[in-house]
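Trainee: Sharing a model prediction with you, sequence too.
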Amino acid sequence: MKKSGVVSLGRIVVVAAAACALWLVCAAVALMVGSTQLGGLGPEGLELLWRWLGGELTQTEEAILVQARLPRVVFAGLAGAALAVGGAVFQAVLRNPLADPYILGISGGAALGGTLVLVLGTFTVGVVALGTPVGAFLGAMAALAVIFGVERWTPPGRASTYVLLLTGVIVNAFAASLIMFVQSVVTARQAQEILFYLMGSLAVEGTPGTTMWLVAVVTGLCLAVIYRYAVDLNALSLGDEEAAYLGVEVTSVRRVTVVVSSLAVAVAVAFTGIIGFVGLVVPHAIRLLVGPDHRVLIPACAFGGAAFLTTADVLARGGFGLIGTTLPVGVLTSMIGAPVFLYFLWRSLKRSGGWG
């Protein structure tokens, strides 16, 4: 792919560094606060982090900070980055500002695959640890196959946007019906676990360190591959014909970016369940701040998505003091994202189509 506008390396670095700094601040806040009285926003929380860095925590403090809070922060960052970048990729590839892993049914398909392996894994030793991400990925790819099949036979124009949205609704409904069927035939305990999983939860305490590292490596590699195609995504967002004229191998780029971003989303969903609208809210917010160039947008979305989901998890855990329990973070992101989605849907209805 050839040059696509002038974006300096310095601007890319500055934007990425600013977004990374924002996420680090959100991560520090998430480590300082929780349902217990340990730490808190203020000098006590800062002292707790300082003593952690110095290896001076008590056994109780280490159990709370390292074993309970740290895994949540790590998975919030990884899942937020995967979902936000996945949303940016789908919006560029489909040329649809409403595209999102959750709305299009990708998360629903991944949740179905993960749920099936999760249930079967209770009867087969070792399947859950290694099989859930694979099942989630296969479910995501099945949903993608349906979506691209519909897109292929849909005439271009504004109507195609709503056909894809309706397809996503159907995929989500079908996946939800199968999941409910699974819930009806398993034990009460398994049904409760599935329900909590579907609401989107970052309750990943006790996750082995090797698993966390593996998820981080897979997600990082996926984001690196997607960034490799940043300039091509700029061209694809203009249209297939324009991209081909600029030298982009349209079919190859679409296939690689969609599959890789789906893998990143599937890995996140496999461990956190369905967390909706992150891929819709974050990319649009970042575009307003840094523009549509994917060379800047992708790293900003990665760290911005991490910061958004980390902050949402802090707010979800903050509900403990008000209602006596920790809210599933997916509930909170849906409460934020649904009105935003309705706004963008209304705005698209007022326009003649496309990105406009």
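Mentor: Received it, and whenever you're ready, just let me know what you need.
Trainee: Please count neighbours and contacts with C-alpha atoms only from this point.
Mentor: Fine.
Trainee: Verify the stated contact: Val218 with Ala264.
Mentor: Yes - counting by C-alpha atoms under 8 Å, Val218 touches Ala264, with 7.2 Å between them.
Trainee: Name the residues that touch whichever strand or helix holds Val119?
Mentor: For Val119, the host element (DSSP states H and E) is helix 106-121. Residues from elsewhere that reach helix 106-121 (C-alpha atoms under 8 Å, 6 or more residues apart in numbering): 101-102, 127-128, 131-144, 168, 171-172, 175-176, 178-179, 182, 186, 190, 194, 198, 262, 265-266, 269-270, 273-276.
Trainee: can you rerun that using 7 Å?
Mentor: Contact partners of helix 106-121, identified using C-alpha atoms under 7 Å, 6 or more residues apart in numbering, comprise 101-102, 127-128, 131-133, 135-140, 142-144, 172, 175, 179, 194, 266, 269-270, 273-274.
Trainee: just to revisit the earlier point, between Val218 and Ala264, point out the one with more neighbours.
Mentor: Ala264 (28 against 16; other C-alpha atoms under 10 Å).
Trainee: Quick check: which ranges of this protein have low pLDDT?
Mentor: Applying pLDDT under 70 to the chain picks out residues 1-6, 34-43, 121-131, 154-162, 319-326, 345, 348-356.
Trainee: what angle sits between the helix ranked longest in it and helix 106-121?
Mentor: Ordering each helix of the chain by length in residues (DSSP state H) puts helix 158-185 first. Comparing the axes of helix 158-185 and helix 106-121 via axes from the mean of the first three to the mean of the last three C-alpha atoms, to 10 degrees yields an angle of 20 degrees.
Trainee: now helix 158-185, how far from the chain's geometric center?
Mentor: The chain centre lies 18 Å from the centre of helix 158-185; the measure is C-alpha atoms, centre = their mean, to the nearest Å.
Trainee: Now do the buried residues in the helix or strand just after it.
Mentor: Once the chain leaves helix 158-185, the next helix or strand it forms, by DSSP H and E, is helix 188-198. Under the neighbour-count criterion of 16 or more other C-alpha atoms under 10 Å, helix 188-198 has 190-191, 194, 196-198 buried.
Trainee: Dump the C-alpha coordinates for the helix or strand that helix 188-198 is followed by into CSV.
Mentor: Sequence-wise, the next helix or strand downstream of helix 188-198 (DSSP H and E) is helix 209-228. Extracted in CSV, the C-alpha atoms of helix 209-228 (Å, rounded to 0.1, in the frame of the first residue of the first chain):
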residue,chain,number,x,y,z
GLY,A,209,-0.3,-15.9,35.7
THR,A,210,0.6,-18.0,32.7
THR,A,211,-3.0,-17.6,31.4
MET,A,212,-2.8,-13.8,31.8
TRP,A,213,0.5,-13.7,29.9
LEU,A,214,-0.9,-15.9,27.1
VAL,A,215,-3.9,-13.7,26.7
ALA,A,216,-1.7,-10.6,26.7
VAL,A,217,0.7,-12.1,24.1
VAL,A,218,-2.2,-13.2,21.8
THR,A,219,-4.0,-9.8,22.1
GLY,A,220,-0.8,-7.9,21.6
LEU,A,221,0.1,-9.9,18.4
CYS,A,222,-3.4,-9.4,17.0
LEU,A,223,-3.2,-5.6,17.6
ALA,A,224,0.3,-5.5,16.0
VAL,A,225,-1.0,-7.3,12.9
ILE,A,226,-3.9,-5.0,12.6
TYR,A,227,-1.7,-2.0,12.9
ARG,A,228,0.4,-3.4,10.0
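Trainee: buried ones in helix 209-228?
Mentor: Buried, per 16+ other C-alpha under 10 Å, within helix 209-228: 215-216, 218-220, 222-223, 226-227.
Trainee: Now render these as TSV, adding distance to Glu62.
Mentor: Shown next, in TSV, are the buried residues of helix 209-228 (distance: C-alpha to C-alpha, whole Å):
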residue	distance to Glu62
Val215	23
Ala216	22
Val218	27
Thr219	27
Gly220	27
Cys222	32
Leu223	31
Ile226	36
Tyr227	36
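Trainee: gap between the helix holding Val119 and the chain center?
Mentor: 16 Å.
Trainee: Check stretch 99-118 too.
Mentor: Mean C-alpha position of stretch 99-118 versus that of the full chain (C-alpha atoms, centre = their mean) differs by 11 Å.
Trainee: what does stretch 242-254 give?
Mentor: Its chain's C-alpha centre lies 26 Å from the corresponding centre of stretch 242-254 when counted by C-alpha atoms, centre = their mean.
Trainee: same question, stretch 235-243
Mentor: 25 Å.
Trainee: and the residue nearest to Gly168 when sequence neighbours are not counted, how many neighbours?
Mentor: Setting aside the residues directly before and after it, Gly168 is nearest to Leu104 in space (C-alpha to C-alpha, 6 or more residues apart in numbering), at 3.9 Å. Leu104 has 25 neighbours, counted by other C-alpha under 10 Å.
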